[in-house]
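*Asks:* build me a model:
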Amino acid sequence: LSVLLSLLVPAHTTRSPDCGGILTPSGLSYRKSGPCNSHAISREGRQQHLSVRRNQINSVKVAELSLSLIPDTGLRLSSNVDLSITPTLSTTKVMRLSILVDLHVEMNPEGNLELVTSACKPTLEEMQSTEERESQSSSSDVDEEINIDKICLEVSRLLLLPNEQLMSLTAQFPITPSCQVQYLPLAAPVFSEQGITISLQTTFQVAGMAIPLPVSPVPFSMPEPASSSPSHLTLAFSEHFYTSLFFALEIAGAFNMTIPSPLTTATMAQKITQMGSLFQEDLPVMLQAVFRSSPRVVLEEGKGALKLFLTVHIGAGSPAFQSFLSVNVDMSAGLLLSIADTRMMISAAVIEDIELSLAASDVGPVPAALLEELFLPTIREEVPAQMNVVLSEGIFLPHMSSFTYTDINVTIHKDYVLVPCNLELRARTG
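*Replies:* Numbers count the residues shown, from 1 in each chain. Next comes the predicted model:
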């Protein structure tokens, strides 16, 4: 297999997207309600006791937390936190810590997206005190003990978890035991009033080796999102994405099929007299199907089609298979798409069109009508059924490991598929 892959046409050097997504402002503001953990305080004001040198921080209340888009630049994180502080045994102060952080996303040398701070401005002011006559030096002591200059360093450390999530976007996901898919960002995301747009290029590995994919005849760009879309996220997949998927599975040999037939060599000899001279005993007839050309996906408004180009070798004998007929089969099946969790489920539907023609024969000429009578019902039923077994696990969508998708709608347009959906934070386990 490694030799076969190395002999394929060289991979095209042009990096071009074949899928992507747009995170909308509503998705950016999504927050999962629930109990806080040791690293976070909920916006509802859950309290946590901390100690900073001589000062005792009795409680921490997040009064405001927001994340907003800055078109063409990045994100702005705004947070107001009320700290209940006891500088001395007789004094309690409530201090308002305000943090304004500008963030942007860049590509790191490993090709992963990374969230970084471009500006950070913390301020601390006294809101309330049990001793209004407290000396001015006491207030400055609080500033010194809390050390607001170190707050920006702590904010940078808080980006470690989001950046781990961004790295999980480029993980390899299995399709079959020998075939994996990976989504690679081509550049830093684009920030606009409509949301955050990221363009991705899909790569496939077969037996651990990246395979060169056919070049897309039409460059793909993310469709403009509907300004009134309530969805958190809109994913988009080009027609070329689906064709590349089937190409990869074909290279992996996932669609090589052995198809049982109700026929035997004796029953076939009643229709094709030369069969009798090839086989002295009655044997079950088997069909072995391989692709003579890569499958192709065609997307039209509201529907998709899967074009298949097969050569079916018809023969008998096990384990020594002896082929006596080869038939070219061109067929078209409807393409069904749906989403389950973070996987796209793909299946071939009813065969819409099928054509059989004789490719080679050891039993003389066989009329097309007889080929259809003998083999068409079996091919029509078994080919999509066996392909659907391969496709039954679905293909992972680009996603971050802590999130799943809900409220999903799959819409097929000409040349691309749109998947508006909402985000849902996965429940922590363990």
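*Asks:* which positions within stretch 94-107 qualify as buried?
*Replies:* Within stretch 94-107, the residues that qualify as buried are 94-95, 97-99, 101-105, counting by 16 or more other Cβ atoms under 10 Å. In this view, the C-beta of every residue, glycine as well, is placed from N, C-alpha and C.
*Asks:* mean confidence for it?
*Replies:* Taken as a whole, stretch 94-107 has an average pLDDT of 90.
*Asks:* now, among the buried residues of stretch 94-107, which is nearest to residue 198?
*Replies:* residue 105 (8.7 Å; Cβ to Cβ).
*Asks:* in strands, which of the buried residues of stretch 94-107 fall?
*Replies:* 94-95, 97-99, 101-105 (DSSP state E).
*Asks:* low-confidence ranges in the protein?
*Replies:* Along the chain, segments meeting pLDDT under 70 span 1-15, 31-56, 87-90, 128-149, 225-228, 428-430.
*Asks:* wait, what's in contact with residue 101?
*Replies:* For residue 101, the contact set (Cβ atoms under 8 Å, 6 or more residues apart in numbering) comprises 76-79, 117, 119-121, 152, 155.
*Asks:* and the furthest pair within the ones in strands among the buried residues of stretch 94-107?
*Replies:* Among those, 94 and 105 lie farthest apart (Cβ to Cβ), at 35.4 Å.
*Asks:* that older thread, would JSON lines of the contacts of residue 101 with neighbour count be doable?
*Replies:* Formatted as JSON lines, the contacts of residue 101 follow (neighbours: other Cβ atoms under 10 Å):
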{"residue": "76", "neighbour count": "15"}
{"residue": "77", "neighbour count": "17"}
{"residue": "78", "neighbour count": "13"}
{"residue": "79", "neighbour count": "18"}
{"residue": "117", "neighbour count": "17"}
{"residue": "119", "neighbour count": "12"}
{"residue": "120", "neighbour count": "17"}
{"residue": "121", "neighbour count": "12"}
{"residue": "152", "neighbour count": "16"}
{"residue": "155", "neighbour count": "17"}
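*Asks:* would you mind giving those as CSV with distance to residue 364 and secondary structure added?
*Replies:* Listed next are the contacts of residue 101 as CSV, based on distance: Cβ to Cβ, whole Å; DSSP: H, G, I helix; E, B strand; the rest coil:
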residue, distance to residue 364, secondary structure
76, 78, strand
77, 78, strand
78, 82, strand
79, 83, strand
117, 78, strand
119, 82, strand
120, 83, strand
121, 87, strand
152, 84, helix
155, 81, helix
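*Asks:* what comes into contact with the helix ranked longest in the chain?
*Replies:* If you go by DSSP state H, the chain has its longest helix at helix 368-391. Residues outside helix 368-391 that contact it (Cβ under 8 Å, 6+ apart) are 176, 249, 254-255, 257, 259-263, 268, 271-272, 287, 289, 308, 310, 312, 314, 327, 329, 331, 333, 345-349, 351, 354, 356-358.
*Asks:* after that helix, which helix or strand is next? Please name it.
*Replies:* Scanning forward in sequence from helix 368-391 by DSSP states H and E, the next helix or strand is strand 395-396.
*Asks:* buried stuff in the next helix or strand after that following strand?
*Replies:* Heading C-terminal from strand 395-396, the first helix or strand you meet, by DSSP H and E, is strand 403-406. Residues of strand 403-406 classed as buried: 403-405 (neighbour count, 16+ other Cβ under 10 Å).
*Asks:* now do stretch 58-77
*Replies:* Neighbour-count burial for stretch 58-77 [16+ other Cβ under 10 Å]: 58-62, 67, 69, 74-75, 77.
*Asks:* quick one: which of the residues you listed is nearest residue 222?
*Replies:* Nearest member of the buried residues of stretch 58-77 to residue 222, counting by Cβ to Cβ, is residue 69, at 16.3 Å.
*Asks:* can you list the strands that the strand or helix carrying the closest one pairs with?
*Replies:* Element membership of residue 69, judged by DSSP H and E, is strand 55-70. Taking DSSP bridges as the criterion, strand 55-70 forms sheet pairs with strand 50-52 (antiparallel), strand 74-88 (antiparallel).
*Asks:* for those strands, which one sits closest to residue 337?
*Replies:* strand 74-88 (32.1 Å).
*Asks:* report the backbone C-alpha coordinates of that closest one in CSV.
*Replies:* Output of strand 74-88 as CSV, limited to C-alpha atoms (Å, rounded to 0.1, in the frame of the first residue of the first chain):
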residue,chain,number,x,y,z
GLY,A,74,-10.0,40.1,17.6
LEU,A,75,-11.9,39.9,20.8
ARG,A,76,-12.3,42.0,24.0
LEU,A,77,-12.8,40.4,27.4
SER,A,78,-14.3,42.7,30.0
SER,A,79,-14.7,41.5,33.6
ASN,A,80,-15.7,43.2,36.8
VAL,A,81,-14.9,41.3,40.0
ASP,A,82,-15.9,42.4,43.6
LEU,A,83,-13.4,41.3,46.2
SER,A,84,-14.3,41.4,49.9
ILE,A,85,-11.0,42.0,51.7
THR,A,86,-9.9,42.2,55.3
PRO,A,87,-6.7,44.2,55.5
THR,A,88,-6.9,44.3,59.3
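*Asks:* my read is that residue 330 contacts residue 312, right?
*Replies:* No - checked against Cβ atoms under 8 Å, the pair residue 330 and residue 312 is beyond contact range at 11.3 Å.
*Asks:* who's more crowded, the two?
*Replies:* Between residue 330 and residue 312, counting by other Cβ atoms under 10 Å, residue 312 is the more crowded of the two (24 against 15).
*Asks:* next up, the contacts around the more buried one.
*Replies:* Residue 312 neighbours (Cβ under 8 Å, 6+ apart): 259, 287-289, 326-329, 375, 379.
*Asks:* pick out the most distant pair among those.
*Replies:* Going by Cβ to Cβ, the pair spanning these furthest: 259 and 328, at 15.5 Å.
*Asks:* neighbour count winner among these two?
*Replies:* The residue with more neighbours, out of residue 259 and residue 328, is residue 259; 19 against 16, by other Cβ under 10 Å.
*Asks:* now that one: which helix or strand?
*Replies:* Counting by DSSP H and E, the element that carries residue 259 is strand 257-264.
*Asks:* need the contact partners of that strand.
*Replies:* 282-290, 312, 314, 316, 374-375, 378-379, 382-383, 386.
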